[in-house]
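[1] Requesting a structural model of the entry that follows:
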Amino acid sequence: MLVTDFDGVVVDGMAEYWWAARQCALQLDGSLAALPEAIPEDFRRLRPRVLSGWEMPVLAASIGGLGPGPGAFRADYPKALAAALAGLGWEAQGLTQLLDQVRQRALGADRQGWLDRHRPYPWMLGRLLQCQREGEPWRVLTTKSAAFTAELLRAHGLSPQAIHGREEGPKPAVLQRLLGGASGRGAGQRWWFLEDRRLTLEAVRSTPGLESVHCLLASWGYLLPEDSEHLPAGLHLLTPEQLATPLANWP
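    Reported below is the predicted structural model:
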């Protein structure tokens with residue numbers, strides 16, 4: 001069973017992430033009107049540190065000059081994020097809801113334009129379509145809403161066995177439930193988890209019951225320069241060339 005992250009693994013959604021983050025920030029604070037429409041380099045550099053979508057409007061505000069600057073986020077991301085939230089008077093749940101509203105309006109007003117802000121990685125798209133043709137099961141595990149993920153998958157002819165969105169909780173907990181429910185039918189399956197956030201993979205590796213999951217770091221994802229260096233035991237880098245081979249040959 002292949003379980004794959006979505007943004008940064010199946011699609012490059014950087015353009016949509018910045019667009020949505022900017023829209024949210026503008027709605028919340030008119031002083032951010034000077035935020036550029038083009039993706040700022042600071043946003044690209046900080047994107048690999050993002051765990052949940054609600055954090056991105058906070059980064060946009062920082063880039064726009066409100067709260068801790070991008071340098072503070074690079075130095076200590078959790079501390080800067082907490083300080084920024086407190087200073088802005090925003091809260092995570094409200095930002096999550098606003099992001100969903102912004103995306104829903106975009107889908108209603110210009111569905112194709114919204115879809116076009118996401119670019120599938122051709123090697124990943126081809127591999128998943130091959131899985132479908134050959135009957136190899138695969139699932140998506142993402143911090144994006146399952147509904148928006150489904151829209152994007154359908155647009156490219158992708159039909160996973162299941163989509164596990166942010167509504168289901170943290171990724172290690174979802175994997176625990178999946179493997180815990182695998183007795184009988186799936187007990188003998190080999191499980192691969194493909195992700196581009198090293199910290200998430202390390203959390204999976206340290207979660208009881210997930211020791212048998214093959215954790216793979218997508219070399220093409222939103223990685224920090226040091227992410228692919230000195231990988232701990234049980235965590236392997238996967239390249240597009242390896243991706244094209246049979247799953248049984250993956251690290």
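[2] going forward, measure contacts and count neighbours with C-alpha atoms only.
    Will do.
[3] Going along the chain, name the helices of the stretch 51-200 of the chain.
    Along the stretch 51-200 of the chain, counting by DSSP state H, counting those that start in this stretch, helices occupy 55-63, 70-75, 77-88, 92-116, 122-134, 146-155, 171-180, 198-205.
[4] quick one: contacts for A25?
    Contacts for A25 (CA atoms under 8 Å, 6 or more residues apart in numbering) come out as 32, 57-58, 60-61.
[5] Redo the residues you listed as JSON lines? Include pLDDT, distance to G157 and neighbour count.
    JSON lines is the format used below for the contacts of A25 (pLDDT from 0 to 100; distance: CA to CA, whole Å; neighbours: other CA atoms under 10 Å):
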{"residue": "L32", "pLDDT": "96", "distance to G157": "38", "neighbour count": "20"}
{"residue": "P57", "pLDDT": "97", "distance to G157": "30", "neighbour count": "26"}
{"residue": "V58", "pLDDT": "97", "distance to G157": "33", "neighbour count": "28"}
{"residue": "A60", "pLDDT": "97", "distance to G157": "32", "neighbour count": "27"}
{"residue": "A61", "pLDDT": "97", "distance to G157": "36", "neighbour count": "26"}
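[6] What is the nearest of the residues you listed to V11?
    P57 (20.3 Å; CA to CA).
[7] check contacts around the residue nearest to the closest one when sequence neighbours are not counted.
    Excluding the flanking residues, the one nearest P57 by CA to CA, 6 or more residues apart in numbering is A21, at 4.3 Å. Taking CA under 8 Å, 6+ apart, we find A21 in contact with 56-58, 60, 99.
[8] Compute the distance between A21 and P137, please.
    Distance of A21 to P137, computed by CA to CA, to the nearest Å: 33 Å.
[9] Next one, pLDDT for R185 please.
    As predicted, R185 sits at a pLDDT of 47.
[10] Likewise for N249?
    Note for N249: predicted pLDDT of 89.
[11] Can you report phi and psi for it?
    With angles defined as degrees, to the nearest 10, N249 sits at phi -90, psi 0.
[12] again, but for M14
    When quoted as degrees, to the nearest 10, the phi and psi of M14 stand at phi -60, psi -40.
[13] ok, it - contacts?
    By CA under 8 Å, 6+ apart, the contact set of M14 is 44, 117-118.
[14] Distance of it relative to R45?
    To R45, M14 is 11 Å away according to CA to CA.
[15] Could you do D5 as well?
    As judged by CA to CA, D5 and R45 stand 20 Å apart.
[16] of those two, who's got more company?
    Higher neighbour count among D5 and R45: D5, with 24 against 15, using other CA atoms under 10 Å.
[17] looking at it, that one is touching K144, isn't it?
    No: at 9.6 Å, D5 and K144 do not qualify as touching, with contact defined as CA atoms under 8 Å.
[18] if we can go back for a sec, assumed the residue nearest to P57 was part of a strand.
    No: applying DSSP: H, G, I helix; E, B strand; the rest coil, one finds A21 to be helix, outside a strand.
[19] State the pLDDT value of R190.
    With respect to pLDDT, R190 has a value of 88.
[20] who touches it in this structure?
    1, 212-214.
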